[in-house]
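Engineer: Just a sequence and a predicted model for now, questions to come.
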Amino acid sequence: MLAIDLASKVALITGASRGIGRSIALTFAQCGAKVAVNYAQSEADARSLVQEIETLGGEAFPVQGSVSEPAEVRRICEQVGQKYGKIDILVNNAGITSRKGIEELAYGELEKTMQVNLLGAFYSVKEVLPFMLPTQSGVIINIASTGAYTGGGGGPHYAASKSALIGFTRNLARSLGPKGIRTNVLAPTLIVTDFLKSLYPSPEDQHKLILQVPLRRLGYPEDVAYLAAFLASDLGSFINGQVIILDGGRTYA
């Protein structure tokens, strides 16, 4: 039987304690990877996830740190290296957003969003490369959003950060591809997370969203996680520099 096999792989997933990141961590572990569960503040959620992975027979450990600080990212990667000896897969999932318009958006919030959503990915890639380059192998998956194309999903600062993340990814695909490292983007939207529920709390609101999706349903974190696992595995070994939209056909329908 053909299956997604991540056995012997070590994956670092940023912002992994909740939502999409949590589902990616759990799925990777179920595919055999050892998973470093990064979190900034939600220690209880991260430890709960690690416990769930271990209960299922997988291996994981929590590693605290904010991706917005280069020194913390370096420490995170050093901890993973000390624990497992390598990093094969990086998923840049950590991100923040708000729905403020340009009129009410403070400069500080713009800078903070860029620091986490864009520079956090930059710092993380910089710090995992010493693990990947010697082996001429590795996979980097950046989590963006359809907001990079549509301008939706958050304010202008969010859309700008995700658009920049796509450009960053395409450059990495060109520069790191010859060195055996693949880089791709997943761009989901309308995924059922706590954030989406806070924006559309009532069943009526969610039903209106569903009517915008040709598949007539919302997405789930697992939808993103399964594709991430495929890209991280050898089954996706010829996929590089791509932006894959997960939205049930909404963006272009």
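Structural biologist: Done, it's in. Everything numeric in this text was worked out from a predicted model, so none of it was measured.
Engineer: other SSEs contacting the helix or strand hosting V63?
Structural biologist: According to DSSP states H and E, V63 maps onto strand 59-64. If you count contacts as 3 or more CB pairs under 8 Å, 6 or more residues apart in numbering; DSSP states H and E, strand 59-64 packs onto helix 19-30, strand 34-39, helix 43-55, helix 70-84. All C-beta spots, glycine's among them, are computed from the backbone N, C-alpha and C.
Engineer: Distance to E127 added to those, as JSON lines?
Structural biologist: What follows is those, written out as JSON lines (distance: least, CB to CB, whole Å):
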{"stretch": "helix 19-30", "distance to E127": "18"}
{"stretch": "strand 34-39", "distance to E127": "12"}
{"stretch": "helix 43-55", "distance to E127": "19"}
{"stretch": "helix 70-84", "distance to E127": "4"}
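Engineer: before we move on, back to that, so what touches the strand holding V63?
Structural biologist: For strand 59-64, contacts defined as CB atoms under 8 Å, 6 or more residues apart in numbering pick out 12, 17, 25, 29, 34-40, 43, 46-47, 49-50, 53-54, 76, 79-80, 83.
Engineer: Determine which stretch of the helices and strands packed on strand 59-64 is the most buried.
Structural biologist: Ranked by mean neighbour count, those are led by strand 34-39 with a mean of 28 (mean count of other CB atoms under 10 Å).
Engineer: which residue ranges form the strands in the stretch 151-253 of the chain?
Structural biologist: Secondary structure of the stretch 151-253 of the chain (DSSP state E, counting those that start in this stretch): strands at 181-188, 243-246.
Engineer: Report the mean confidence score over the longest one.
Structural biologist: Translated: strand 181-188. Confidence for strand 181-188, expressed as mean pLDDT, is 98.
Engineer: Who are the packing partners of that strand?
Structural biologist: strand 138-143, helix 156-176, helix 221-232, strand 243-246.
Engineer: now that strand, how far from the chain's geometric center?
Structural biologist: Offset of strand 181-188 from its chain centre (CA atoms, centre = their mean, to the nearest Å): 9 Å.
Engineer: for D88, what are its contacts?
Structural biologist: Per CB under 8 Å, 6+ apart, neighbours of D88: K9, V10, A11, A33, F131, M132, S137, G138, V139.
Engineer: Buried among the residues you listed? Make that a ChimeraX selection.
Structural biologist: Only the buried entries of these go into this ChimeraX selection, using 16 or more other CB atoms under 10 Å:
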select :9,10,11,33,131,132,138,139
